[in-house]
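Asks: requesting a structural model of the entry that follows:
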Amino acid sequence: MTILRSNCQTLYEADYWQWIETTLDKLRSQDYENVDWENLIEEIEDMGRRERQSLKSNLIVVLLHLLKWQFQPESRSGSWEGSIVEHRRRIRDAIEDSPSLKPYLETIFDRSYEDAVKQAKAETGLPLETFPERCSYELAEVVNDDFLPE
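Replies: Numbering: from 1, shown residues only. Purely as a prediction, here's the structure:
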């Protein structure tokens with residue numbers, strides 16, 4: 001067993017794609033005794049973290065562009081609107097694929113807004129005081145395809 005675990009660890013470190021294929025083959029054939037459980041568990045945990053990070057990143061981008069849309073109306077562009085549409089779609093797809101992420105979206109909303117304000121300040125050159133301290137948009141508006149602040 002130790003030799004097998006050592007071989008799995010080596011495969012995991014040496015050829016990640018081959019490790020995935022080997023692990024899938026073992027799971028499909030129900031060869032559970034020889035599955036590299038330690039790395040498999042770690043990979044599944046990482047998948048969850050990446051999903052949450054992606055969701056947060058997409059939310060920040062939408063908030064950022066909504067702020068720029070609202071507070072720099074003279075600079076509005078199709079690329080800003082396109083970015084809003086794209087990142088809303090990514091959020092919607094993530095929630096459709098994993099509805100249990102919706103509460104997470106709600107818990108990160110305020111912090112994501114703070115991050116978006118910092119980035120909006122940096123990108124627009126506007127004073128920090130230009131932007132409301134608390135988000136004036138509801139989460140439902142932020143993810144609504146028809147919402148753009150005026």
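
Asks: got any ranges where the chain has weak pLDDT?
Replies: Applying pLDDT under 70 to the chain picks out residues 1-9.

Asks: now the residue nearest the centre of the chain: closest residue in space that isn't a chain neighbour?
Replies: For the chain, the residue sitting closest to the mean C-alpha position, by C-alpha atoms, centre = their mean, is residue 54 at 1.1 Å. Spatial nearest neighbour of residue 54, excluding adjacent residues (C-beta to C-beta, 6 or more residues apart in numbering): residue 94 at 6.8 Å. For glycine as for every other residue, the C-beta is placed from the backbone atoms N, C-alpha and C.

Asks: and that neighbour, how many neighbours?
Replies: When neighbours are counted by other C-beta atoms under 10 Å, residue 94 registers 20.

Asks: list phi and psi for it.
Replies: phi -60, psi -40 (degrees, to the nearest 10).

Asks: how much space between it and residue 47?
Replies: 13 Å (C-beta to C-beta, to the nearest Å).

Asks: do the same with residue 112
Replies: With C-beta to C-beta as the criterion, residue 112 and residue 47 are 21 Å apart.

Asks: domains in this protein, as residue ranges please.
Replies: With domains defined by automatic domain parsing, the chain comprises 1-35, 48-142.

Asks: give the buried residues for the shortest one.
Replies: In other words, domain 1-35. Using 16 or more other C-beta atoms under 10 Å as the test for burial, domain 1-35 gives 8, 11, 12, 19, 22, 23, 26, 34, 35.

Asks: please enumerate the helices of the protein.
Replies: Counting by DSSP state H, the segments of the chain that form helices are 2-14, 16-28, 37-71, 78-97, 102-124, 139-142.

Asks: show me how far stretch 34-47 is from its chain's centre.
Replies: The chain centre lies 21 Å from the centre of stretch 34-47; the measure is C-alpha atoms, centre = their mean, to the nearest Å.
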